[in-house]
Structure formats: C-alpha cells, structure tokens
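Student: next comes the sequence, and after it the predicted model I'd like to discuss.
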Amino acid sequence: MIAVAAAPARRPRPTVRNRPNAVPAVAIAIGALFVGGLIVVPLVSVFIEAFSAGAGAFASAFVDGYTRSAIALTLEVAAATLVCNTLFGVLAAWTISKYRFPGKALLQSAIDVPLSVSPVVAGLAILLAVGVHSPFGGWLLRHGLRVAFAPPGIALATMFVTFPYVARELATFLQEQGRDLEEAALSMGASVWQTFWRVTLPNGRYALLGGMLLCNARAMGEFGAVSVISGHIRGYTNTVPLQIEVLYNEDAFAAAFALSAALALVTIALSLLRNLAEHRARR
C-alpha cells in the first residue's frame with residue numbers, strides 16, 4: 001500500500017474577533033490620555049480650588065448680589081435661546097430632511113456658519129448691526145428698544161452662536177429615518193400637520209431632546225460673543241461666565257472657582273443627559 005501524506009492543515013485567517021487587540025488598546029490609551037489631560041485634569045483642578053477654602057466659602061460666593069444677578073440673567077437668556085432655537089431647529093430639520101426645494105444646500109450651509117465663525121466675530125457683527133450707531137440700532141433705540149449693551153443683545157448673540165445644534169441633531173436623525181413612515185401616514189389620509197405631530201416628531205423626540213440639551217449647555221457657557229455685545233455692566237449685562245472673569249480679575253479666586261465649579265456641574269449634567277438621549281434615539 002502506498003501511504004498518502006496528509007495535507008498540512010491551513011491556519012485560519014485572523015478575523016475581527018481573534019486578531020490581536022494591541023491596536024484598539026493603544027487607541028483607547030491615547031484617547032484616554034487626551035481626555036484626561038485636556039478635560040479631566042482641568043475640571044478636577046477647578047473643583048479642588050473651589051473647595052480649597054471650605055464649604056462655607058463656596059456657599060458664600062453665591063450670596064453676592066452681582067453674582068445672583070448674573071445667574072438670573074444667564075437662566076433667562078438660556079431659556080429664551082432654547083425656545084427660539086428649538087422652534088427654528090424643528091422647522092429647519094423637518095424641511096431639510098423631508099423635502100426638496102430650491103436653496104436647500106444654501107440653508108444647510110447657513111445653519112453651519114456659526115460653527116465656523118469665531119464667537120467674538122459673531123458678537124462684533126451683531127454689535128455693528130444693532131448698535132446705537134447703526135441705522136437699525138438707532139431706529140430701535142428711538143422706539144424705546146435698546147439691544148446692544150442690554151439683555152436683548154445678549155440673547156441675540158447667544159441665539160446666533162447656538163442655533164445650529166437643534167437643527168443639526170434632529171435633521172441627522174430624520175434623514176437616517178427616511179420617509180417611509182410619513183408616506184404611509186399620508187397614504188392613509190393623514191394631513192401634513194397630522195403626520196408631523198403624530199409620526200415625525202414622536203419618532204425624533206430623543207434626538208430633539210439631545211439637541212435641546214446641547215443648545216442649553218452651550219448657551220449657559222457662552223463667553224466670546226456675549227463679552228462683545230454686553231458692555232460688561234455689573235448687575236445688568238454680566239452673565240455667569242463674565243462674572244467669573246470679573247471675580248478672577250479682582251483676585252476673588254474662591255468665588256470665581258466656586259462659580260466656575262457650579263457652571264461646570266450644570267453643563268456636565270446636561271451633557272450626560274444628552275448622551276443618554278442619543279443612546280435612546282439610536283435604540
């Protein structure tokens with residue numbers, strides 16, 4: 001009998017599951033180093049300085065009248081910004097994701113403009129447009145409405161800086177969702193508004209919530225555009241970020257870091273809620 005040699009067994013090709021995990025581990029380590037160095041360490045330093053003088057000094061930072069006025073103005077501006085940008089964002093996202101019309105690409109580009117323009121430039125542009133020396137600003141002032149160096153100007157600058165967030169978040173989700181559900185509802189006799197309120201908006205509620213939370217967090221922490229348009233009037237046009245700058249320049253470090261820590265806590269909480277909303281939207 002002639003012996004037949006067995007063919008050598010082939011080694012299985014490495015798949016995604018059995019490949020070495022060195023590359024993902026290195027990428028994760030590099031990402032963790034960047035996050036730790038650029039975000040975690042500065043935030044921890046702020047909280048350490050905020051409580052360095054004790055809990056009593058931390059609490060007393062919020063008793064000052066100017067600080068309380070800055071907190072109230074920040075909340076009012078953030079609320080007005082959230083309402084206006086949500087209304088615009090829902091309308092823009094709906095039209096962009098569901099319809100074709102002339103100028104659609106131009107509208108999408110216009111929505112992205114505040115993300116590429118410096119907030120300081122945006123504040124200066126608004127100041128030139130509605131300042132007391134501009135034709136429109138002078139006309140408003142003669143009719144009893146002061147925009148520049150007043151809360152309306154701060155709200156306008158904050159709206160300009162933050163208005164892309166709701167529109168982009170919701171439009172991305174609606175574009176991925178497609179038009180099948182809306183077309184099915186329309187074919188069954190539903191009107192356009194019924195389809196919007198009962199199909200489109202409920203399906204995109206978590207994406208909308210995520211955009212609203214991101215918009216609110218950005219509005220509360222805006223500094224550049226507000227610094228230009230506010231005029232730095234203490235007790236009147238200073239928001240929380242501007243009040244932090246004033247306290248720091250006056251060597252009131254404990255109060256400045258306490259206010260910074262409080263603002264950081266609020267924005268971190270909003271960011272975590274936004275991530276939760278995005279997770280629910282993906283599910």
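Tutor: Structure's in. What do you need?
Student: and the gap between Q243 and F47?
Tutor: 18 Å (Cβ to Cβ, to the nearest Å). The C-beta positions use only the backbone N, C-alpha and C, and glycine is treated the same way.
Student: what do you get for H279?
Tutor: From H279 across to F47, the span is 26 Å (Cβ to Cβ).
Student: all strands for the stretch 151-283 of the chain, in order.
Tutor: Counting by DSSP state E, counting those that start in this stretch, the stretch 151-283 of the chain yields no residue ranges for strands.
Student: all helices of it, in order?
Tutor: 151-162, 164-177, 180-187, 192-195, 201-203, 205-221, 224-230, 240-249, 253-282 (DSSP state H, counting those that start in this stretch).
Student: of all those, which lies closest to A29?
Tutor: Closest to A29 of those is helix 253-282 (Cβ to Cβ; 21.9 Å).
Student: so what's V240 up against?
Tutor: By Cβ atoms under 8 Å, 6 or more residues apart in numbering, the residues touching V240 are 70-71, 74, 220, 259, 263.
Student: for R100, phi and psi?
Tutor: Note on R100: its backbone torsions stand at phi -110, psi 130 [degrees, to the nearest 10].
Student: what's the neighbour count on it?
Tutor: Burial of R100 is recorded as 7 neighbouring residues (other Cβ atoms under 10 Å).
Student: pLDDT score for it?
Tutor: Note on R100: pLDDT of 84.
Student: one more: M1?
Tutor: M1 is given a pLDDT of 43.
Student: now swap in E49 and tell me
Tutor: E49 is assigned 91 on the pLDDT scale.
Student: need the contact list for it.
Tutor: 253-254, 257.
Student: what's the helix or strand for it?
Tutor: When elements are assigned from DSSP states H and E, E49 belongs to helix 41-50.
Student: for E245, what are its contacts?
Tutor: Residues counted as contacts of E245 (Cβ under 8 Å, 6+ apart) are 223, 227.
Student: give me the distance between it and K98.
Tutor: Taking Cβ to Cβ, one finds E245 at 44 Å from K98.
Student: next: R234.
Tutor: Distance, R234 to K98, using Cβ to Cβ: 47 Å.
Student: looking at Q243 and F47, which is more packed in?
Tutor: Just comparing Q243 and F47: by other Cβ under 10 Å the higher neighbour count belongs to Q243, 26 against 16.
Student: and the pLDDT at the more buried one?
Tutor: Q243 is assigned a pLDDT of 95 by the prediction.
Student: tell me if I'm right that it and A70 touch.
Tutor: Yes - at 3.9 Å, Q243 and A70 qualify as touching, with contact defined as Cβ atoms under 8 Å.
Student: shared neighbours of these two, anything?
Tutor: With Cβ under 8 Å, 6+ apart, Q243 and A70 have no common neighbours.
Student: neighbours around F34, how many?
Tutor: Neighbours around F34, by other Cβ under 10 Å: 10.
Student: no no, T74
Tutor: The local packing of T74 (other Cβ under 10 Å) involves 25 other residues.
Student: the strand or helix carrying it packs against which elements?
Tutor: Assigned by DSSP H and E, T74 belongs to helix 65-98. Helix 65-98 sits against helix 104-116, helix 151-162, helix 164-177, helix 205-221, helix 240-249, with contacts defined as 3 or more Cβ pairs under 8 Å, 6 or more residues apart in numbering; DSSP states H and E.
Student: closest to L91 out of those?
Tutor: helix 164-177 (8.5 Å).
Student: ok, residues contacting that closest one?
Tutor: 85-86, 88-90, 92-94, 96-98, 111-112, 114-115, 200, 203-204, 207-208, 210-212, 214-215, 218, 281.
Student: pretty sure G123 contacts G231?
Tutor: No - with contact defined as Cβ under 8 Å, G123 does not count as touching G231 (11.1 Å).
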